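return a 3D structure for these sequence lines:
(2 chains)
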Amino acid sequence: MRYAGNTRAVAAENRFPRRADLRANRAAPRPRLVRMAPPDDGALVLDELVKRYGAVTAVDRLSLRAERGAVTALLGPNGAGKTTTIEICEGFRRADAGRVAVLGLDPVADARALKARVGVMPQSGGVPGTARAGEFLRLVASFHTAPLDPGALLERLGLTKHAKTPFRRMSGGQQQRLSLAVAVVGRPELVFLDEPTTGLDPQARLATWELVEELRSAGVSVVLTTHHMEEAERLADRVVIIDGGRVVAAGAPAELTGAERQLRFRARAGLATDELLAALPPGSAAKESPAGHYLVEGDLGPELLATVTAWCAAHDVRADDLRIERRTLEDVFLELTGRELRG
Amino acid sequence: MTAVLDLTPAPGAVSVPRMIAAQTGYEVRTLLRNGEQLLLTLIIPVVLLLLFGGTSLLDLGPGPRVGFLTPGILALAVLSTAFTGQAIGTGFERRYGVLRRLGATPLPRAGLIAAKTLTVVLVEALQAVVIGAVAFALGWHPHGDPFSVLVLLLLGTAAFSGFGLLMAGTLRAEATLAAANLVYILLLATGGVVFPLDRFPSGVRSALELLPVSALADGLRDVLRDGHTLPGGPLLVLAVWAVAGLALAARFFRWE
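The predicted structure is shown next:
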């Protein structure tokens, strides 16, 4: 079972807290935060969190940990429970069971103390339709003691031209970027970004990614949800894959994808993979998934590569896109959460 | 070029009064920029005052026309700002997640309500100045006790705000929009604002006098036209509406 290692990692993750993580975290140099909580207190610690809506269990004994000064991505299909989880952390919803600690505090009981220290970017909206971008950003900035300069932040996110545009007349991508600006303008210690790049064009997405990377360099803890693998792979120090309200895998992107490589090619559908497998060295694997897409795993040395191409030549198989690569986060994700569409 | 931003955490919130002041300034600015709101809060009252005060289209009973009309128009102004405008504005803020978004900032919920109340009071003050100026131009000679006027206006504001927030916090935004406008028109027509209540049959009239807008209009007439001080009946009616409205809003308002 090739996921055995990862499965153990998940099991270890769910024991709480995880010692190896704490040690690694202490070793990493981090800028001093303004108000330090106990040093081994994570930015976010969820323990056996449960949230039910009637008969539906949206979050099902979910445990995870986001370290301070790191980017943690909650990755999962639609309806996996990501937004519900993050809204519980933001204090917008109460959990039915389990424990939540945000910067060591309770998001509901300690809401007053947390609001100034935590920035929130909701999935959509949240700004009055008639509000002008710059005006609303300045308003939220004025609630804080040492905010970022709203003008510089707008410039940074390419919104200077739209400072006087009413929110409802901004494009979806511009609204998203304003929402991000509002989340960070108060210079928070921790930001929650719920699908920060959904609907953005490539330039705007890059600008958002760069800002997230800078937040991390500045020592800000970032917890974001996404279903873009590329985003999680690029930004996250830790990825937590959530499905059906549970954590199904967690770790650094490289840990999740593993060092293993695979050979992929496309060809006509319905090749006899068992015949191909028979020609390969023992310990190899070959399968077709989906139709016309072939995957070969094993010791991907020159010998195996030669065997595959020789087999293709012998069977008059014209292979396209033949390549050897590492597993991507997407492979892991689909492997863990299944390929079928959810309702 | 990209601007340099120091993103190093430096969290902290200013004092609650400063946040309330900032929020109030923001709300007043956006409200005064909103064309529909201005129509409701200033243009309709002023047009009604000019139309019925400056012409004899309507039989307003004995005495100067503007002496009857101005208190009614002031009551209508309070209704439009504290109830209709606030219900519609807050209803859409709730619908578009603005209340929730502001709930994630350091501004406490009580601070947001305080800012909305201050906004209503400031806009009412502006309405009173404009309506008063137009009335004086039409020859208005008010009597009476400014303190009584202030108490009536504040109680009326509390009553209408309570019901406005109750509607905004319980109904869908579209339903609030329709219902708040309907209530405005019904109260305009039947609340003794421009049409004297003594035109209605006496049974109907006694019932209509219990409406908050009638109590406010009658109370203001008692003071400004007839020179009374702290008119008991209207004050009692308004106090009951205020307590009921604010209690219901506190109990049933949902933030999202």
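
and the gap between residue B:121 and chain A?
20 Å (Cβ to the nearest Cβ, to the nearest Å). Heads up, the C-betas are built off the backbone N, CA and C, glycines and all.

can you count the residues close to residue B:146?
A count of nearby residues for residue B:146, using other Cβ atoms under 10 Å in any protein chain shown, gives 10.

pLDDT weak spots in chain B?
Applying pLDDT under 70 to chain B flags the ranges B:1-3.

quick check: residues of it near chain A?
B:2-14, B:18-19, B:22-23, B:26, B:29-30, B:33-34, B:92-93, B:96-98, B:100-101, B:103-108, B:256 (Cβ under 8 Å from any Cβ of the partner chain).

restricted to helices, list the residues you listed.
The helices, defined by DSSP state H, take in B:18-19, B:22-23, B:26, B:29-30, B:33, B:92-93, B:98, B:100-101, B:103 from the residues of chain B next to chain A.

neighbour count and distance to residue B:176 added to those residues, as a markdown table?
Below are these laid out as a markdown table (neighbours: other Cβ atoms under 10 Å in any protein chain shown; distance: Cβ to Cβ, whole Å):
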| residue | neighbour count | distance to residue B:176 |
| --- | --- | --- |
| B:18 | 14 | 31 |
| B:19 | 23 | 26 |
| B:22 | 20 | 26 |
| B:23 | 23 | 21 |
| B:26 | 20 | 22 |
| B:29 | 15 | 23 |
| B:30 | 20 | 18 |
| B:33 | 14 | 21 |
| B:92 | 18 | 8 |
| B:93 | 24 | 11 |
| B:98 | 23 | 14 |
| B:100 | 19 | 17 |
| B:101 | 22 | 19 |
| B:103 | 21 | 19 |
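
okay, those residues in JSON lines with distance to residue B:189 next?
Converted to JSON lines, those look like this (distance: Cβ to Cβ, whole Å):
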{"residue": "B:18", "distance to residue B:189": "43"}
{"residue": "B:19", "distance to residue B:189": "40"}
{"residue": "B:22", "distance to residue B:189": "39"}
{"residue": "B:23", "distance to residue B:189": "35"}
{"residue": "B:26", "distance to residue B:189": "34"}
{"residue": "B:29", "distance to residue B:189": "33"}
{"residue": "B:30", "distance to residue B:189": "30"}
{"residue": "B:33", "distance to residue B:189": "30"}
{"residue": "B:92", "distance to residue B:189": "26"}
{"residue": "B:93", "distance to residue B:189": "29"}
{"residue": "B:98", "distance to residue B:189": "33"}
{"residue": "B:100", "distance to residue B:189": "37"}
{"residue": "B:101", "distance to residue B:189": "38"}
{"residue": "B:103", "distance to residue B:189": "38"}
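
hmm, which two among these are most spread apart?
Taking Cβ to Cβ as the measure, these span a maximum distance of 26.4 Å, between B:18 and B:92.

Three-state assignment for residue B:226, please.
Per DSSP: H, G, I helix; E, B strand; the rest coil, the local secondary structure of residue B:226 is coil.

any idea how far the closest residue to it other than its chain neighbours lies from residue B:132?
In space, and not counting its chain neighbours, residue B:226 is closest to residue B:143: 7.3 Å by Cβ to Cβ, 6 or more residues apart in numbering or on different chains. According to Cβ to Cβ, to the nearest Å, residue B:143 and residue B:132 sit 14 Å apart.

try residue A:102
The value you get for residue A:102 to residue B:132, if Cβ to Cβ is used, is 52 Å.

what's around residue A:315, how many residues?
12.

how about residue B:203?
When neighbours are defined as other Cβ under 10 Å, residue B:203 has 8 of them.
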